[in-house]
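Visitor: below are the sequence and a predicted model; questions follow.
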Amino acid sequence: MSPDKNSDTEVADAEYGERVGERLRSIRRQKGMSLQDVEADSSQEFKASVLGAYERGERAISVPRLQRLAQVYDVPVDQLLPLGDAAGDDVIIDLTGRSGRPESDGALTLDLAAMQRLGGPEADMLSRYVRMIQVQRQDFNGRVLTVRRDDLRAIACILGVPTERARGRLDQLELSLSS
């Protein structure tokens, strides 16, 4: 490899490391966690100083540690990696095919903490569906999730009720924060 290619690769690697760090910081902040919170929640596996170095792109994180950090954050591991192409153009793709504010689309807000307390197959399917929405929207705050009218149709199917009764069923399950 020529010296120019070697330095180009090093620059690209450093830029990618910075983008990984930015993504790690973004997810941590969405979760409302400080560096010290992550250290405590990981039983000191992720020291605040080391996690800070990952976030600044000063240290590279190994794949096994990335996987364990994803478990601490309770997000799919691929969500800790930057989006977009190698050139650094992060692109968020709306896989839902919808645009505009969710509130204008018959939305309601789900209490995700209450959902975690539910059990049974209905709750498992609902949790998987909500996780898919979070991944599509890149929304990992973990406390609430606004679902749109089209999402409500799918939720109605999961709950085994007609669409017009889905909000009521979510209220019965104490999952709805808005009606």
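Guide: Sure thing, it's come through.

Visitor: output the below-cut-off pLDDT ranges for this protein.
Guide: 1-5, 84-106, 178-179 (pLDDT under 70).

Visitor: just the strands from the chain, written as ranges.
Guide: 108-111, 144-147 (DSSP state E).

Visitor: export the ones you listed as JSON lines, with columns for distance to Tyr54 and mean neighbour count.
Guide: For every residue, glycine as well, the C-beta is placed using N, CA and C. Converted to JSON lines, these look like this (distance: least, C-beta to C-beta, whole Å; neighbours: other C-beta atoms under 10 Å):
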{"stretch": "strand 108-111", "distance to Tyr54": "31", "mean neighbour count": "20"}
{"stretch": "strand 144-147", "distance to Tyr54": "27", "mean neighbour count": "19"}
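
Visitor: so who does the residue positioned nearest the centre of the chain touch?
Guide: Geometric centre of the chain, nearest residue: Phe140, 3.4 Å, by C-alpha atoms, centre = their mean. Shown in contact with Phe140 (C-beta atoms under 8 Å, 6 or more residues apart in numbering): 27, 30-31, 73-75, 79, 134.

Visitor: redo that, cut-off 7 Å
Guide: 27, 30-31, 73, 75, 79, 134 (C-beta atoms under 7 Å, 6 or more residues apart in numbering).
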